[in-house]
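[1] Predicted coordinates and the sequence they were generated for:
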Amino acid sequence: MKYIAEIDGLEFPIEILDEQHIRFGEEVIETDLSAVNGQPLYSLLINGESYEAYVYPDEEGLLVLLLGQFFSVKVTEEREKRLRASQLTSAGSGEWILRAPMPGLIVSVLVKEGQTVEKGQILVILESMKMQNELRAPREGRVTRLQVRSGESVEQRQILLQLI
């Protein structure tokens, strides 16, 4: 499973390879993480070296105390980050293009050309890796071009529809 860890504003790719190994950037690291019962304390082994980390949930993600230093950590699944990025748009008017954030199958198209949509309205449901993803309108607008139908396979970054 691939994730993006944002640590104090910097992004790092992380991939869980198995129960004992992760890829952090380009480096494969041997790890073991164990929680201490009833406390926010974790025992962490990285490449055979032992560390203690205190982990506290906060509004944005996690606050981690490691080696006497606090770190603000937010972990997002890579797929989810791509989904969000594909739905971002600048505020205001203008054309907005919805692209497939990943390859998959169009399960349902819930809008028609010429239809007015509200911010947050589900436009298309895309199935990928056995999960259905609701692609929503980032703002209100009108569908000017619809380029997919239910049952159609799409590639990553393929244009699905346009709003103005």
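    Done, it's in.
[2] What is the neighbour count of Asn133?
    Look at Asn133: counted by other CB atoms under 10 Å, it has 21 neighbours. For the C-beta atoms, the positions are set from N, CA and C on the backbone; glycine is no exception.
[3] so what's it closest to, chain neighbours aside?
    The shortest distance from Asn133 to any non-neighbouring residue, by CB to CB, 6 or more residues apart in numbering, is to Leu126 (4.9 Å).
[4] what's the distance between that neighbour and Val117?
    17 Å (CB to CB, to the nearest Å).
[5] Between the two, which is the more surrounded one?
    With other CB under 10 Å as the criterion, Leu126 and Val117 differ in neighbour count, and Leu126 comes out ahead with 24 against 19.
[6] check which helix or strand covers the more buried one.
    Assigned by DSSP states H and E, Leu126 falls within strand 122-128.
[7] go on, Thr144?
    strand 141-146.
[8] Which strands or helices does that strand pack on?
    strand 116-117, strand 159-163 (3 or more CB pairs under 8 Å, 6 or more residues apart in numbering; DSSP states H and E).
[9] tell me the helices in this structure, going along the chain?
    Secondary structure of the chain by DSSP state H: the helices cover 78-87.
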